[in-house]
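Novice: have a look at this prediction, sequence included:
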Amino acid sequence: MREREIETKNVTGKPGGGRRFLGSVLEFEYGSTSWWTTEFYLNGQITANENTVFTGYRWENRFRLLHEKHWINPVLYLEFENVNAADKSLLTVVGHDGIGDLKVPTDKARRELEREIEGKLILDSSFKGWTIAENLIFEKDVRHGPYEFGYAIGLYRAIGGAATNSSFGLQSTSHYLAPVVSWALSHGVMLKFSPNVGLTDTSAGFLMRFGVSAEVDDFGGAIAKLFHGRRP
């Protein structure tokens, strides 16, 4: 069954000595087959007393390596990103990413372009209603620069029903404790909130992540109605 979903992912915070910001991502997901899902992201950000800017795009692909469900389920993730250094979506934190990057003025940061390939090995397993997820992350600028590595660990389960869940994660290189709570509403709409508490000196003290996702049964028809008011 092909899955189609539109989601917004947002994060806001005020790093010590810096200005409050809002980083946003608009995500379009298409489950082409049972083993391959592709997603396209549009990134932007606004920083207090600075410019609102479009910071670039990402193209992501996920490949399920095993067709059947097993006690551990590996997924290979590959992404190409073409963004500038003003991007504050903070989808992943790797290498030497830290609070200093959030303080660079937008006009200066947007001049630095980043074209990177990112890979992840995503492992998840289930135990008595709990799901444990471990991500190994690497990034490499396609033009220059060293390899950068990171990781994320998560634990989650449904609370009061299959539609609601809670989880926590630990991200590197800056470290955050990040519980996640989501609510499933009607018509395939889901709300997500995640307060992130920085655990190291290089982390922002506090970040709030929030977003909403919606499943789209007829993606092509929905886009046609959006721009033309009818299906072509």
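Specialist: Here it is on my side, so go on. Residues are numbered from 1 along each chain as shown.
Novice: give me the contacts around stretch 103-118.
Specialist: 15, 17-19, 45, 47, 50-51, 53, 55-56, 77-87, 92, 101, 137-143 (Cβ atoms under 8 Å, 6 or more residues apart in numbering). For every residue, glycine as well, the C-beta is placed using N, CA and C.
Novice: how does it look with 6 Å?
Specialist: Here stretch 103-118 makes contact (Cβ atoms under 6 Å, 6 or more residues apart in numbering) with 15, 18, 47, 50-51, 53, 79-86, 139-142.
Novice: now the buried members of those residues.
Specialist: Buried members of the contacts of stretch 103-118, counted by 16 or more other Cβ atoms under 10 Å: 15, 18, 47, 53, 79, 81, 83-86, 139.
Novice: ok, the nearest residue to Asp217 once chain neighbours are set aside to Ala214 distance?
Specialist: Nearest residue to Asp217, sequence neighbours excluded (Cβ to Cβ, 6 or more residues apart in numbering): Arg4, at 7.3 Å. Distance from Arg4 to Ala214, counting by Cβ to Cβ, to the nearest Å: 10 Å.
Novice: related to what we said a few turns ago, from the buried ones among the contacts of stretch 103-118, which is closest to Glu29?
Specialist: Set against Glu29, the nearest of those by Cβ to Cβ is Glu79 (13.0 Å).
Novice: hmm, the closest one is touching Glu60, no?
Specialist: Yes. Glu79 is in contact with Glu60 according to Cβ atoms under 6 Å; the separation is 4.4 Å.
Novice: and the helices in this structure?
Specialist: Counting by DSSP state H, the chain has helices at residues 99-103, 106-109, 219-228.
Novice: return the subset of the contacts of stretch 103-118 lying in strands.
Specialist: Those of the contacts of stretch 103-118 mapping onto strands are 47, 53, 79-84, 139-141, per DSSP state E.
Novice: nearest to Trp130 among those?
Specialist: Nearest to Trp130 among the ones in strands among the contacts of stretch 103-118, with distances taken as Cβ to Cβ, is Glu79, at 27.5 Å.
Novice: what are the pairing partners of the longest strand along the chain, and which direction each?
Specialist: Using DSSP E, we find that the single longest strand of the chain is strand 113-127. Paired strands of strand 113-127, with direction, are strand 72-84 (antiparallel), strand 130-141 (antiparallel) (DSSP bridges).
Novice: can you pull out the residues in contact with the longest one?
Specialist: When contacts are defined by Cβ under 6 Å, 6+ apart, strand 72-84 is touched by residues 43, 55-65, 110, 113-120, 122-125.
Novice: report the rounded mean pLDDT for that strand.
Specialist: Strand 72-84 carries an average pLDDT of 90.
Novice: chain center to it, what's the gap?
Specialist: Here the centre of strand 72-84 is set off from its chain's centre by 10 Å, with Cα atoms, centre = their mean, to the nearest Å.
Novice: ok, now stretch 138-147?
Specialist: The answer for stretch 138-147 is 20 Å, by Cα atoms, centre = their mean.
Novice: one step back: and the furthest pair within the buried ones among the contacts of stretch 103-118?
Specialist: Gly18 and Glu79 (26.9 Å).
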